[in-house]
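Enquirer: Could you look at this predicted model? Sequence included:
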Amino acid sequence: RDSSTSRGLGDVYKRQDQWWGMEPQELQDAVRDHARAVLELAPHLGAEMEGIARGAGLEAWQVYALNARTELRANTDALECTSVGVRGGQAAASGALLAQNWDWWNALRGWTRCVRLEPEAGPAMITLIEPGMVGKIGMNALGVGVCLNFLSTPRVNLEGVPVHVLCRLALESSTAAQAIQRITQARRAACATYLIGDAGGEVAAVEVTPSAHTVSRDVPFVAATNTPITGARCMRRAIFERRLDMSSSPLTPDTILAALGHLGVSAPPSDALAVETVHTVLMDLAARTFLVTDGSRAVAHEELRVTL
């Protein structure tokens, strides 16, 4: 890992209109219980974060804060992410396809990293992260993948595990079923939708609050945004689903990427500080291929394709 980027990312967030909204001591106090929850559930990830901190010349609580940045600003209403999971048999692939626009502040351009992790125990994995994070959008060598859509959380569970840590635990799983179990049985900090898929073709949307969860399966494809799937209407999701419905069956990687790049689904680039589609990711879980574009596919000048 590039230790300098972990250190620099904290400074980027500090500059985003007082992103944290609190003084350093307040921030340290705010992440203390999240850190305790991580150490209780997954001590190896606590040790990993402390190692990242040492390598970057940071204090451990600062790396915990990067991993809990979503929970620390859970009232942020920024447009962030559209994702889809397509079941095996409904996609032009033998296993599931997962794809996502990651929409976030364009100040993060150039700071993100696609990393390959090889834990001492468990499968190797590829994940697209902000430096200092232990996990995010990704897939592992056993063909299990995860996408993440944060949901507004009126009351964060300060003693819960942050969403990015739960993504990493999903990536340490051997099947979609195990990944779902790890997320639903954890003491969770915030509301989110996790799209989970595997090489066997399984796809599920796991929608959680700190105290409850629903799992949606057995549909040809499931799309998610930052509005709950259950009982809520989202114009962005409606446009995206319509584009997918208009596509020929079975859905191909190119038709999924085209739908994600459609106006009204992707967030266009801006020279001013704004939320935009920083990356688009597509995972073919049976083939173990992980495609990342720089910006949405509609405007991307570069793309990276990695195979596990």
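Expert: That came through, no problem.

Enquirer: for the stretch 151-300 of the chain, what spans make up the strands?
Expert: 192-197, 203-208, 213-216, 221-224, 275-284, 289-294 (DSSP state E, counting those that start in this stretch).

Enquirer: Same question for the stretch 1-150 of the chain.
Expert: Under DSSP E, counting those that start in this stretch, the stretch 1-150 of the chain gives strands at 82-86, 97-105, 113-117, 125-129, 137-140, 145-150.

Enquirer: of those, which approaches residue 193 most closely?
Expert: Nearest to residue 193 among the strands of the stretch 1-150 of the chain is strand 145-150 (4.4 Å), distances taken as C-beta to C-beta. The way it works is simple: take the backbone N, C-alpha and C, and place the C-beta from them, glycine included.

Enquirer: Give the pairing partners of the closest one; include direction for each.
Expert: Here strand 145-150 is paired, per DSSP bridges, with strand 137-140 (antiparallel), strand 192-197 (antiparallel).

Enquirer: Residues touching the longest one, excluding its own?
Expert: By C-beta atoms under 8 Å, 6 or more residues apart in numbering, the residues outside strand 192-197 that reach it are 83-85, 95-98, 100, 144-151, 163, 166-167, 170, 176, 179-180, 183, 202-208, 222, 224, 228-229, 283, 285.

Enquirer: 6 Å - rerun?
Expert: Applying C-beta atoms under 6 Å, 6 or more residues apart in numbering, the contact partners of strand 192-197 are 83, 85, 96, 98, 145-151, 163, 176, 179-180, 183, 203-208, 224, 285.

Enquirer: how deep is residue 208 tucked in, by neighbour count?
Expert: Using other C-beta atoms under 10 Å, residue 208 has 21 other residues around it.

Enquirer: any idea of the mean pLDDT for the top helix by length along the chain?
Expert: Ranked by residue count under DSSP state H, the longest helix found in the chain is helix 24-41. Helix 24-41 carries an average pLDDT of 93.

Enquirer: quick one: buried residues of it?
Expert: 27-28, 30-31, 34-35, 37-39, 41 (16 or more other C-beta atoms under 10 Å).

Enquirer: And stretch 178-189, by the same measure?
Expert: 178-180, 182-184, 186, 188-189.

Enquirer: Contact partners for residue 264?
Expert: Per C-beta under 6 Å, 6+ apart, neighbours of residue 264: residue 239.

Enquirer: thought residue 214 was touching residue 206?
Expert: No - Residue 214 is beyond contact range of residue 206, at 7.8 Å (criterion: C-beta atoms under 6 Å).
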